[in-house]
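Novice: Dropping the sequence and predicted coords here.
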Amino acid sequence: MKKYSLIIALCLVAGSVLAQGIDNQKMDKDLKVAQTVLNSLVNENRSIHWSSDSRDKQTQYIEGYGVILSLPKNHAFAFGFPAEMPPMPPMPDISNAIAKSYEIIEDIQIDIDEEELEAEERAELERERAERKEELSKRQAELEKRVAVAMERAQVKIHQMDSMREEKAAENTDNVIDFLLDYGHLISQLKDSDKILVMEKGQDIRFYRDAGRVEHLKINRLSVEAKVKDLKAFQKGEIDREEAKSRIVVNEKKEVKPLEKDITLFQTILKRLYARDLSDTYYLNGGMPHEQIDGLGIIFYMDMVSSIRAENEGWKIPTQDKENISQEERDELIKSLYPKFEEELKNNIIEYGKNIKSLADNEQLIFKVGITKCKGCKIPETLELQVKGKTLNELNAGKLNENQAAKNIKVLKGDLQ
């Protein structure tokens, strides 16, 4: 009897541990340490100046996927020059046109001054025209020569920068692989099925207001991905370093995969709903950029604002048709709008997300939201909503209603302002 009681007790303890899930405080600490180690390895202990915005974190844990760490771009190599510049069009031959213009002017002068000229005078004019034409041709040839030299020097410089960028990318890749093998275990709570993804993003890509700039940064982006079970196997000595390296996936995509049409439409609808003239809480500042990550899904970034400082130092809140209100009135109103904003965003994700059919069950839509500044208002600095493709697919198939689907949205809130 005691034996069975012991087994039951152990099962209860195990169940309690599993129920606790991830220790978010420890995960946050592990991620900060891991990012610091990665920065040191990649940047050779040089000082790196990160964004001072506390919302622009470089790391993130996503349940069911794993961890994403950010590899900042070296700005000296961040420009996407093409491998070869297109040839310059040939310089137009303008000598004939210029010479012809002289002829027209001179012919008019001749007609005015004297209707008939001696043959010798005409021959002299022809010689002068020919000399001018030859001089213009020489000048154009010299100009073309100078342009050709400048283009050749520019091409050499671009090739040098391309070569340096490729060397830097190769060096970064080796450093990231070493980090994953030697320090990936620092993130201790990850499951065997999780991944660690190190992705070149740019230091403030999360809240870029120019969606086109975000798309540009994603071109030629370096990413390195490892499975946690492989890293654990290496740490335990079950596989050697070369085998572990061979299982790490390095990606240097040249093209950005476009969103599926149904997801693009969903993104467009949300952008319209949170435009200044339609929203009745907070509104989008800029576009709604996204990142598409294989095996994870799509991350949307929303920078939400609420108010505009007027010239008279009062505040204007467009979504509430309020003008010239004080700082205290502004803050109180912004604070009162937050619960409604969060609830409406969840409802909109479900209402319009049910039309999405291209998302796999194991993929997610993730919304990383920067909340309007409101010092001392006790509202979150950031809000993150995660909805699984399985939830949307079951909603679309009628297996879940909208209320049930909304309850499946995972909500993560940042520090209070």
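Specialist: Ah, there it is.

Novice: show me where pLDDT drops low in the stretch 101-250 of the chain?
Specialist: Residue ranges of the stretch 101-250 of the chain with pLDDT under 70: 101-118, 156-166, 168-169, 201-221.

Novice: Let me see the ranges of the strands in it.
Specialist: 195-200, 222-227, 249-252 (DSSP state E, counting those that start in this stretch).

Novice: Need those strands in JSON lines (columns: mean neighbour count).
Specialist: Placement of C-beta: from N, CA and C, glycine included. Formatted as JSON lines, these follow (neighbours: other CB atoms under 10 Å):
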{"stretch": "strand 195-200", "mean neighbour count": "23"}
{"stretch": "strand 222-227", "mean neighbour count": "22"}
{"stretch": "strand 249-252", "mean neighbour count": "13"}
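
Novice: same for the strand ranked longest in the chain, what does it pack against?
Specialist: With DSSP state E setting the assignment, residue counts place strand 297-305 as the longest strand in the chain. In terms of contacts (3 or more CB pairs under 8 Å, 6 or more residues apart in numbering; DSSP states H and E), strand 297-305 is packed against helix 261-273, strand 283-284, strand 290-293, strand 364-370.

Novice: Show me what the longest one is packed up against.
Specialist: The elements that helix 261-273 packs onto, with contact taken as 3+ CB pairs under 8 Å, 6+ apart, are strand 297-305, helix 327-353.

Novice: What residues of the last one count as buried?
Specialist: Spelled out, that is helix 327-353. 330-331, 333-334, 337-338, 341-342, 344-346, 349-353 (16 or more other CB atoms under 10 Å).

Novice: Can you tell me what sits against the helix or strand containing residue 40?
Specialist: Using DSSP states H and E, the secondary-structure element containing residue 40 is helix 24-42. With CB atoms under 8 Å, 6 or more residues apart in numbering as the test, helix 24-42 has contacts from 48, 58-61, 67, 69-72, 172, 175-176, 178-179, 183-184, 186-189, 198.

Novice: In helices only, show me those.
Specialist: Mapping the contacts of helix 24-42 onto helices (DSSP state H) picks out 172, 175-176, 178-179, 183.

Novice: Got the domain ranges for this structure?
Specialist: Structurally, the chain divides into domains by automatic domain parsing as follows: 22-255, 257-417.

Novice: which one of those domains is the most hemmed in?
Specialist: Among the domains of the chain, the stretch with the highest mean neighbour count (mean count of other CB atoms under 10 Å) is domain 257-417, at a mean of 17.

Novice: So what does residue 275 look like in phi/psi?
Specialist: Phi and psi for residue 275, reported as degrees, to the nearest 10, are phi -70, psi 160.

Novice: Would you enumerate the residues in contact with it?
Specialist: Contact analysis of residue 275 by CB under 8 Å, 6+ apart lists 283-284.

Novice: And the residue nearest to residue 379 when sequence neighbours are not counted, how close does it get to residue 398?
Specialist: Spatially, and ignoring its direct neighbours in sequence, residue 379 is nearest to residue 338 (4.4 Å; CB to CB, 6 or more residues apart in numbering). Applying CB to CB, to the nearest Å, the value for residue 338 to residue 398 is 33 Å.

Novice: do residue 404 as well
Specialist: In terms of CB to CB, residue 404 sits 11 Å off from residue 398.

Novice: quick revisit: out of the helices and strands packed on helix 261-273, flag the one nearest residue 194.
Specialist: Each of the helices and strands packed on helix 261-273 was scored for nearness to residue 194 using CB to CB, and the closest is strand 297-305 (15.0 Å).

Novice: got the angle for that closest one vs helix 261-273?
Specialist: When axes from the mean of the first three to the mean of the last three CA atoms, to 10 degrees is applied, the directions of strand 297-305 and helix 261-273 differ by 10 degrees.

Novice: low pLDDT regions in the stretch 251-400 of the chain?
Specialist: Counting by pLDDT under 70, the ranges of the stretch 251-400 of the chain that qualify are 253-256, 312.

Novice: hmm, back to that, among the strands of the stretch 101-250 of the chain, which comes closest to residue 135?
Specialist: strand 249-252 (52.9 Å).

Novice: Counting by contacts, list what that closest one packs against.
Specialist: Looks like strand 249-252 contacts helix 119-183, strand 222-227 (3+ CB pairs under 8 Å, 6+ apart).

Novice: Between strand 195-200 and the first one, find me the angle.
Specialist: Following the same axes, to 10 degrees, one obtains 150 degrees for the angle between helix 119-183 and strand 195-200.

Novice: do the shortest one as well
Specialist: Orientation note: strand 222-227 sits at an angle of 170 degrees relative to strand 195-200 (the same axes, to 10 degrees).

Novice: Give me the sheet partners of strand 222-227 and which way each runs.
Specialist: Next to strand 222-227 in the sheet, as set by DSSP bridges, lie strand 195-200 (antiparallel), strand 249-252 (antiparallel).
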